[in-house]
Each structure stands twice: as C-alpha cells, then as structure tokens.
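Peer 1: got a predicted structure plus its sequence, pasted below:
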Amino acid sequence: MNNIKIYHNPRCSKSREALKLLNIEGLKIDIILYMENKLTFNELETVLSKLNISPIELIRKNEKIYKEIISIKNKFTDTELINFMIEYPNLIQRPIVQIEDRIFIARPPEKVLEFLSKNK
C-alpha cells in the first residue's frame, strides 16, 4: 500500500489515534492538515464521491455552527453545505482515511486496522 492519506485534525483524539495506528503499521502517510490548509470545493466533492455520501452526512452535528445555522434553516443545497465545510472545517467528520482508491471515516479509529487486515 503506497498511497495513504489521513485528513487529520491534531486536536481530535480520534484523529490522533487513527494516525497512531497507521504509524504503528510503518506505512508512509500523507497527512492532510485540513484545519490549517482548508480543502477546496473540488477536494471535498471528491471525498464525498468516494465516500458515496451526501454533504450533510459528512457534517458533525454537535458543532456550534451546525446547531446555530445549519440545523435551524435545514434547507441548504449540497453546494452550500460544501461551502460551509470549507469555511468551517471543524464541521467535517474525522478522521477520514484514504488507502489507495478507498476512503472511509475511521470512527472508531480501529476501522483503520480492520481495513488494513482485509487488504493485505
């Protein structure tokens, strides 16, 4: 496995744990610090497409911006929701791990090990 990415938020314990599990496996990992370097619209569209989910499914429902704006109006287009995630990257579910062409939300982080064991 050569192409491994983790969309990582160092402040998130689940994201740190998933990264730790990948490191234990001794894999070369491309760490995407999306909180520092915001994802583009196209990058988020690609992630959503590979996850095969809608934008609302990638949004963390416990975040303040979700509770104060998104859940109240509740009638945003997919484009608007993607733009919210670009503007407020803390809305994005994490951690997201991409191994080769497969991508998944590693919650719980042990999903990383399950995926690796199935794809050795």
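Peer 2: The structure has been received and is ready for your questions. Given the structure is predicted, the values throughout are model-derived calculations rather than measurements.

Peer 1: in this structure, which helix or strand is least confident?
Peer 2: helix 71-73 (a mean of 78; mean pLDDT, DSSP states H and E).

Peer 1: what residues does it touch?
Peer 2: Helix 71-73 is touched from outside by K61, with contacts defined as C-beta atoms under 8 Å, 6 or more residues apart in numbering. (Glycine included, C-beta is placed from N, CA and C.)

Peer 1: mind doing that once more with 10 Å?
Peer 2: With contact meaning C-beta atoms under 10 Å, 6 or more residues apart in numbering, helix 71-73 is reached by 59, 61, 65-66, 80.

Peer 1: and the spatially most central residue of the chain, how far from T77?
Peer 2: For the chain, the residue sitting closest to the mean C-alpha position, by C-alpha atoms, centre = their mean, is I96 at 3.3 Å. Look at I96 and T77: by C-beta to C-beta, to the nearest Å, they are 22 Å apart.

Peer 1: pLDDT weak spots in this protein?
Peer 2: The chain contains residues with pLDDT under 70 at 1-2, 120.
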